[in-house]
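A.B. asks: what would the 3D arrangement of this be:
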Amino acid sequence: MNGLLIDDDPVYARVLQRSLERRGLQLRIALDVESALALVQEDAPDFALVDLKIGSDSGLNLIAPLRAARADMQIILVTGYASVATAVDAIKRGADNYLPKPITAEALIRALQDEPVAEDVDTMTPLSRLEWEHIQQALLACDGNISAAARLLGMHRRSLQRKLAKRPGPERSSVA
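C.D. replies: This next block holds a predicted model:
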């Protein structure tokens with residue numbers, strides 16, 4: 001099963017992409033509306049995970065073109081700004097599901113299989129994983145320079161070095 005994630009947050013997109021690929025799903029990423037529409041025209045995916053706010057654009061406006069590209073595509077709108085009004089609007093426009101962000105790979109797979117998505121903390125991406133990805137993004141932006149990355153992150157260089165020494169463990173689906 002292949003999908004398309006349309007989200008303007010590259011760190012979140014990469015984390016979710018890696019999690020899904022470990023579970024056998026393929027996920028392409030579009031960071032803006034234009035590249036999303038271009039990717040859909042190349043090869044329409046089985047599902048699309050669309051952020052409500054993509055820069056200055058609205059993910060609601062992408063529902064119709066995605067549905068036109070492939071009628072049976074599952075379209076899931078995700079947002080950190082969930083409200084009843086936008087949920088109703090998304091479903092009226094043709095979205096199959098509406099979920100709060102951040103969504104984990106397990107929750108997404110359940111939604112794709114039309115299973116209920118429980119809103120419990122056991123399904124959230126661990127904070128240590130998000131922090132690690134954010135640090136990696138800063139290091140990439142600074143070409144691996146730890147001092148420059150620490151300044152960019154607003155922390156002391158030694159604090160960043162300690163965090164880098166503690167690589168986060170694998171994600172867990174639930175706490176026992």
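
A.B. asks: show me what contacts P45?
C.D. replies: By CB atoms under 8 Å, 6 or more residues apart in numbering, the contact list for P45 reads N2, G3, L4, R28, L39, R70, M73. Backbone N, C-alpha and C define where each C-beta goes, glycine included.

A.B. asks: and if we set it to 7 Å?
C.D. replies: The contact partners of P45, taken as CB atoms under 7 Å, 6 or more residues apart in numbering, are N2, G3, L4, M73.

A.B. asks: just among the residues you listed, which is most surrounded?
C.D. replies: L4 (24 neighbours; other CB atoms under 10 Å).

A.B. asks: my guess is that residue meets A48, correct?
C.D. replies: Yes: using CB atoms under 7 Å, L4 is in contact with A48, at 4.8 Å.

A.B. asks: how about the contacts of P45, which pair is most distant?
C.D. replies: Greatest spatial distance among these (CB to CB): N2 and M73, at 10.7 Å.

A.B. asks: quick check: next helix or strand after the least confident helix or strand in the chain by mean pLDDT?
C.D. replies: Lowest by mean pLDDT, DSSP states H and E among the helices and strands of the chain is helix 127-141, with a mean of 79. Next in sequence after helix 127-141, counting helices and strands by DSSP states H and E, comes helix 146-153.

A.B. asks: which parts of that following helix are buried?
C.D. replies: Buried residues in helix 146-153, counted by 16 or more other CB atoms under 10 Å: I146, A149, A150, L152, L153.

A.B. asks: so the first one versus G154, what's the distance?
C.D. replies: Using CB to CB, to the nearest Å, we find I146 at a distance of 14 Å from G154.

A.B. asks: what ranges do the strands span in the chain?
C.D. replies: With strands called from DSSP state E, the chain shows them at 2-6, 26-30, 47-51, 53-54, 57-58, 74-79, 97-100.

A.B. asks: include distance to Y12 when you put those strands into a markdown table, please.
C.D. replies: Formatted as a markdown table, the strands of the chain follow (distance: least, CB to CB, whole Å):
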| stretch | distance to Y12 |
| --- | --- |
| strand 2-6 | 9 |
| strand 26-30 | 10 |
| strand 47-51 | 9 |
| strand 53-54 | 12 |
| strand 57-58 | 17 |
| strand 74-79 | 10 |
| strand 97-100 | 13 |
